[in-house]
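Undergrad: Following is a predicted model, sequence given first.
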Amino acid sequence: MEEIFQLLWSHRMLGLPLALEGGGNVRVIDPGVLNRDSGPDFFNAKVRVGGSLWAGNVEIHLRASDWHRHNHDSDPAYDNVILHVVSVSDDVVRRADGSVIPQIAVSLPPHFYQTFGYLTSTAPEIRCASRLGAVSPLQLTDWLETLAVERLQQKAARLEESLRSHNGDWNATCFVALARGLGFGLNSIPFEMLAKSISLNHLRRHSDNPLQMEAIFFGQAGMLDPLLHADDVRYQLMCREYQFLARKYSMHPIPRVAWKFSKSRPQNFPYRRIALLAKAMAETPDLLQRILDAGPDLDRLRPLFRWKVEPYWTGRLCFGGDGQVEARPPELSDSSINILIINVVAPLIYAYALLHSDQDLKESAFGLLTALPPERNALVRDWQTLGIKPRDASASQALIQLRKEYCDRHECLRCRFGHHILRRESQLQPAQ
């Protein structure tokens, strides 16, 4: 229970006004730094009592008598405590020299504990759903803007890690990022594994041969087996090409079981996207430089992603006779390109800007998100049903970050929505 009051003190959510026992209003200037080791709970706090500024440490207990129960009255480490914050005032506390320590007794309404208990529960849903009305539009906008930047920084950090693993090779980093992006969530990890298994140097040697490029990608994806699809001429040619190239370059495929097909419509199967990735690396091996040259201009960026798959894929979704369907567009849709700009282009520009200390480039990366429409997926729709409707891609990215990094991880106490709700609950008086 003490942890509740530590949280409330840390985020100034104990309600107003605060008053010392015996008289004197208290205003928290700085709650101090939470101490997770031995000694007082908060170091270097600042509070104003009347016209005086007090600076020192703060100790928090559920009951005032815990001060003696924990032997703080004989511990010199607690001599510089300037304030004792408790829920139940059942004793007067003193320092080792006998001097009395000023004390605040805080009383919270019963419904606060109910709200706190639910926010800290492991319930799977968005736990603050029924209380989001307590969050003002200004608080909502402020938190979403912060979350959008947080998500972009998180993606940039992943790219910086990838850059280090590729010894500073931005083209290899861009290749992996593009592959992961073409996984569109469901197959992001196997696409990333695929890209990491292929050398750009090997691809450059075969970029003028579409069959060999696809053979490398599908072979490394674990999707080529000469015993299958005997009547599919192109498939069999790929198998033979891959057997030769795999021996030449000592390549080893990723496990085919890494790919996810269940709960996915056939048009979302990874085959056409792998074919598209092969085409992309053949036509735009310098994709990152082209992205940087285009900058925040969407009219120049979008054409960079309009690769067209080989004619073989126009009327099919996978290999063999069963994969043949009516003709499909050979290139990505506008909405898919928008998703790649959100998840690949903006983070690449932001990461590049960070490492080159280019503030204008950083702002252009974020500007891309504000210029694109919001994403339409299950996570965003969940928030929309609660009345939070994103105006652009930066806001939808913020809502995705909120759900994945806070709601799903049960981190309500780190969420500003949780703080706003708890602060409001701590100050409400129970109904008479």
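TA: Yes, it's here.
Undergrad: Show me what counts as buried in the longest strand that the chain contains.
TA: Longest strand in the chain, counting residues (DSSP state E): strand 52-63. The neighbour-count check on strand 52-63 (16 or more other C-beta atoms under 10 Å) flags Gly56, Asn57, Val58, Glu59, Ile60, His61 as buried. In this view, the C-beta of every residue, glycine as well, is placed from N, C-alpha and C.
Undergrad: got a pLDDT number for the last one?
TA: His61 carries a pLDDT value of 93.
Undergrad: Mind listing the residues bridging to it?
TA: When bridges are called by DSSP bridges, His61 pairs up with Val86.
Undergrad: so who does it touch?
TA: With contacts defined as C-beta atoms under 8 Å, 6 or more residues apart in numbering, His61 is in contact with Glu2, Trp67, His70, His84, Val85, Val86, Ser87.
Undergrad: With the second one instead?
TA: For Asn57, the contacting residues are Gly32, Gly39, Pro40, Asp41, Phe42, Phe43, Asn44, Ala45, Tyr78, Asn80, Val81, Ile82, by C-beta under 8 Å, 6+ apart.
Undergrad: Give the bridge partners for it, please.
TA: Val81.
Undergrad: Helix, strand, or coil at the closest residue to Leu18 other than its chain neighbours?
TA: Of all residues not flanking Leu18 in the chain, Val26 sits nearest, at 4.2 Å (C-beta to C-beta, 6 or more residues apart in numbering). Secondary structure, DSSP: H, G, I helix; E, B strand; the rest coil: Val26 is strand.
Undergrad: so Asp334 sits right up against Phe305, yeah?
TA: No. Contact criterion C-beta atoms under 8 Å: Asp334 and Phe305 do not qualify, at 9.9 Å.
Undergrad: Comparing the two, which residue is more hemmed in?
TA: Phe305 (24 against 11; other C-beta atoms under 10 Å).
Undergrad: which residues sit in contact with the more buried one?
TA: Counting by C-beta under 8 Å, 6+ apart, Phe305 has contacts Ala280, Leu332, Ile337, Leu340, Ile341.
Undergrad: What distance do you get for the fourth one to Leu304?
TA: So that's Leu340. For Leu340, the distance to Leu304 equals 9 Å [C-beta to C-beta, to the nearest Å].
Undergrad: Likewise for Arg256?
TA: 30 Å.
Undergrad: Can you pick out the residue with more neighbours from those two?
TA: Leu304 (19 against 12).
Undergrad: For that one, which three-state class applies?
TA: Judged by three-state DSSP, the three-state class of Leu304 is helix.
Undergrad: which sections of the stretch 1-150 of the chain are below the confidence cut-off?
TA: Where the stretch 1-150 of the chain drops to pLDDT under 70, the residues are 1, 15-16.
Undergrad: where along it do the strands fall?
TA: Ranges of strands in the stretch 1-150 of the chain, per DSSP state E, counting those that start in this stretch, are 18-19, 25-30, 33-34, 42-49, 52-63, 81-88, 103-105.
Undergrad: Pick the most buried one from those strands.
TA: strand 81-88 (a mean of 21; mean count of other C-beta atoms under 10 Å).
Undergrad: can you list the residues that contact that strand?
TA: 1, 5, 9, 14, 26, 40, 45, 47, 54-64, 66-67, 72, 93, 95, 101-108.
Undergrad: low-scoring stretches of the stretch 151-300 of the chain, by residue?
TA: In the stretch 151-300 of the chain, residues with pLDDT under 70: 263-264, 267.
Undergrad: need the helices for it, in chain order.
TA: Assigned by DSSP state H, counting those that start in this stretch, the helices in the stretch 151-300 of the chain fall at 170-182, 188-196, 200-205, 210-220, 233-249, 271-283, 287-294, 298-301.
Undergrad: CA atoms of stretch 285-305 as CSV?
TA: Written as CSV, here are the backbone C-alpha positions of stretch 285-305 (Å, rounded to 0.1, in the frame of the first residue of the first chain):
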residue,chain,number,x,y,z
PRO,A,285,19.6,-0.9,-54.3
ASP,A,286,20.2,2.7,-53.3
LEU,A,287,16.8,3.2,-51.8
LEU,A,288,17.9,5.1,-48.8
GLN,A,289,19.7,7.7,-50.8
ARG,A,290,16.6,8.1,-53.0
ILE,A,291,14.5,8.5,-49.8
LEU,A,292,16.8,11.2,-48.5
ASP,A,293,16.8,13.0,-51.8
ALA,A,294,13.0,13.0,-51.9
GLY,A,295,12.7,14.3,-48.3
PRO,A,296,9.2,14.9,-47.0
ASP,A,297,7.7,15.3,-50.5
LEU,A,298,5.1,12.5,-50.7
ASP,A,299,4.7,13.0,-54.4
ARG,A,300,8.4,12.1,-54.8
LEU,A,301,8.4,9.4,-52.2
ARG,A,302,5.5,7.3,-53.3
PRO,A,303,6.8,6.5,-56.8
LEU,A,304,9.9,4.9,-55.2
PHE,A,305,7.7,2.1,-53.9
